[in-house]
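> Got a predicted structure plus its sequence, pasted below:
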Amino acid sequence: MGRAVPVMMLGRLNHVGIACVSIDETVAMYERMFGAVVSRAKFPLPSQRVSVAFIDVANSQLELIEPLGADSPIHGFLKKNPSGGQHHVCFEVDNIVAARDAMVARGATVLGTGEPRIGAHGVPVIFVHPRDTGGVLIELMATPEGH
Ligand code: CO
């Protein structure tokens with residue numbers, strides 16, 4: 001049955017997700033170290049129990065993520081990585097439902113309910129468990145308008 005579901009093609013690298021103890025402190029560090037400027041200031045994303053801010057670079061973005069609430073999934077990451085660190089990489093895909101089906105057909109675990117949900121960019125996303133992807137948490141997102 002898995003062979004019947006087409007291989008999904010990765011699109012552009014949309015962003016690299018970085019877990020932070022404090023977005024404000026991380027932004028200050030990027031400003032001080034790299035002259036980087038925030039392109040979207042910190043905002044809450046209650047559905048994913050995180051707060052998020054973006055730093056644009058020439059060909060991609062950094063997505064800074066901070067826990068929102070006591071049950072945020074980021075707490076577990078910060079327990080293992082107390083000063084924060086690289087959390088996920090996100091690729092754009094043409095069809096998020098087809099991408100989800102392709103992942104499931106290849107035995108990967110899609111986190112949460114398995115249904116795409118609206119991510120920080122306002123488009124549907126899924127996350128694929130790192131045990132299936134060489135230790136890297138992979139986010140797949142529907143290609144945003146204008147890309
Ligand atoms: Co992300």
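Done, it's in.

> contact partners of the lowest-mean-pLDDT helix or strand in the chain?
In the chain, no helix or strand scores lower on mean pLDDT, DSSP states H and E than strand 117-118, which sits at a mean of 92. Strand 117-118 is contacted by residues 47-48, 124-126 when judged by C-beta atoms under 8 Å, 6 or more residues apart in numbering. All C-beta atoms are positioned from the backbone trio N, CA, C, and that covers glycine.

> Tell me the one of those nearest the ion?
residue 125 (7.0 Å; C-beta to the ion).

> before we move on, back to that, ok, the least confident helix or strand of the chain: who's next to it in the sheet?
Here strand 117-118 has these sheet partners by DSSP bridges: strand 124-128 (antiparallel).

> Show me what the helix or strand following the strand it pairs with is packed against.
Next along the chain after strand 124-128, taking DSSP states H and E as the criterion, comes strand 138-142. With contacts defined as 3 or more C-beta pairs under 8 Å, 6 or more residues apart in numbering; DSSP states H and E, the packing partners of strand 138-142 are strand 85-93, helix 96-105, strand 124-128.

> partners of strand 138-142 in the sheet?
For strand 138-142, pairing defined by DSSP bridges yields strand 85-93 (parallel), strand 124-128 (antiparallel).

> Need the contact partners of that strand.
By C-beta under 8 Å, 6+ apart, strand 138-142 touches 8, 14, 17, 88-93, 95-96, 99-100, 103, 116, 119, 121, 123-128, 130.

> if we can go back for a sec, let's have the strands paired with strand 138-142 in JSON lines, adding mean pLDDT, mean neighbour count and distance to residue 135.
Shown next, in JSON lines, are the strands paired with strand 138-142 (pLDDT from 0 to 100; neighbours: other C-beta atoms under 10 Å; distance: least, C-beta to C-beta, whole Å):
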{"stretch": "strand 85-93", "mean pLDDT": "98", "mean neighbour count": "19", "distance to residue 135": "11"}
{"stretch": "strand 124-128", "mean pLDDT": "96", "mean neighbour count": "22", "distance to residue 135": "12"}
